[in-house]
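Q: Below are the sequence and a predicted model; questions follow.
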Amino acid sequence: MTASPDPVLPPGERSAIVRDGVAVGIATGAYGISFGAISVAAGLDVWQTCALSLLVFTGASQFALVGVVAAGGSPLSGAVTGLLLGTRNTLYGIRLAPLLGWRGWRRGAAAHLLIDESTAMAVTRETTAAARVGFLATGLAVFVLWNLATLGGALAGEALGDPRTYGLDAAVGGAFLALLWPRLKDRRNQLTAVLAAALVLTLVPVAPAGVPVLAAAVVALVVGVVSHATDPTEVPGRDDLPGGGEHQR
């Protein structure tokens, strides 16, 4: 879908879109508390944790990195795993570029806000102006609140001390399960999960820490590429958010 190039939005429509974007930002950004606490529990300090949210800003990739590090894998393995999980954002960019119509530095700046939620709040709009407002309102709201929540969670996690005292060393695995569970709604995702789990269970006894997670990410990437080749107009996960989209970045 390419939006109509209508340059002006009625004030009431603009306010409604901004309100919806901020609401999504509050619901999604609050989850940054979990990331902050889990990242510190995995061994990163507060500043490293906050830098991840500021510079990477895609939740699933951030959780993947700290999950690999917590399991004893190298930071490089964690970074590669996170990068693979973030490749779906490339598909979002291809979908949104003609819809938003930005060029030059604006396109570069918008790329940092290109997440599931901002994509979902843009693709459902009928005009370029509405799509831009939905994208920016949601992307900025999530960015600000996610980073504030990350800081709060990291400080709280640091204050708790050794996470093993409280059983929090299992928090990373629990976070991944929480991210996965809402997405097991269709046969494709269920098949992806089964294949990835089977591969991980096969590799855990023989591969270094971090490699099984990386292999599972490759399974998801291959399935995503095949699905996009079958239906190039599909935005992965769009149906899971109110207004289209998902609560996982």
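A: Arrived safely, thanks for sending.

Q: Who are the packing partners of the helix or strand encompassing residue 95?
A: Using DSSP states H and E, residue 95 falls within helix 88-100. When contacts are defined as 3 or more Cβ pairs under 8 Å, 6 or more residues apart in numbering; DSSP states H and E, helix 88-100 packs onto helix 104-111, helix 116-123, helix 128-160, helix 211-230. For every residue, glycine as well, the C-beta is placed using N, CA and C.

Q: mind running it again at 10 Å?
A: Under the contact criterion of 3 or more Cβ pairs under 10 Å, 6 or more residues apart in numbering; DSSP states H and E, helix 88-100 touches helix 59-70, helix 104-111, helix 116-123, helix 128-160, helix 211-230.

Q: highest average neighbour count across these?
A: Among these, helix 116-123 has the highest mean neighbour count (mean count of other Cβ atoms under 10 Å), at a mean of 29.

Q: now that helix: mean pLDDT?
A: The average pLDDT within helix 116-123 is 88.

Q: With just CA atoms, put that helix into PDB.
A: Only the C-alpha atoms of helix 116-123 are listed here, as PDB (Å, rounded to 0.1, in the frame of the first residue of the first chain):
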ATOM      1  CA  ASP A 116       7.300  -3.600  15.200                       C
ATOM      2  CA  GLU A 117       5.100  -1.100  16.900                       C
ATOM      3  CA  SER A 118       5.900   2.000  14.800                       C
ATOM      4  CA  THR A 119       5.600   0.000  11.600                       C
ATOM      5  CA  ALA A 120       2.200  -1.300  12.700                       C
ATOM      6  CA  MET A 121       0.900   2.200  13.500                       C
ATOM      7  CA  ALA A 122       2.000   3.400  10.100                       C
ATOM      8  CA  VAL A 123       0.900   0.700   7.700                       C
END
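
Q: Would you mind giving both backbone torsions of residue 124?
A: Residue 124 adopts backbone torsions of phi -90, psi 0, taken as degrees, to the nearest 10.

Q: Number of residues surrounding it?
A: Using other Cβ atoms under 10 Å, residue 124 is surrounded by 16 other residues.

Q: Roughly how far does it sit from residue 138?
A: According to Cβ to Cβ, to the nearest Å, residue 124 and residue 138 sit 11 Å apart.

Q: And residue 186, by the same measure?
A: 24 Å.

Q: and what of residue 194?
A: 33 Å.

Q: Residue 99 now?
A: For residue 99, the distance to residue 138 - Cβ to Cβ - is 14 Å.

Q: One more: residue 56?
A: 18 Å.

Q: what does residue 95 give?
A: 15 Å.

Q: And for residue 18?
A: Counting by Cβ to Cβ, the gap from residue 18 to residue 138 is 9 Å.

Q: same question, residue 68
A: Relative to residue 138, residue 68 is positioned 29 Å away (Cβ to Cβ).

Q: Same question for residue 37.
A: The gap separating residue 37 from residue 138 is 25 Å, by Cβ to Cβ.

Q: mind listing what residue 221 touches?
A: Applying Cβ atoms under 10 Å, 6 or more residues apart in numbering, we find residue 221 in contact with 84, 85, 87, 88.

Q: Pull out the buried members of those residues.
A: Buried by 16 or more other Cβ atoms under 10 Å: 84, 85, 88, out of those.

Q: Including distance to residue 43 and pLDDT, could those residues go into a markdown table?
A: Listed next are those as a markdown table, based on distance: Cβ to Cβ, whole Å; pLDDT from 0 to 100:
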| residue | distance to residue 43 | pLDDT |
| --- | --- | --- |
| 84 | 22 | 76 |
| 85 | 20 | 74 |
| 88 | 27 | 75 |
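
Q: All set, thanks.
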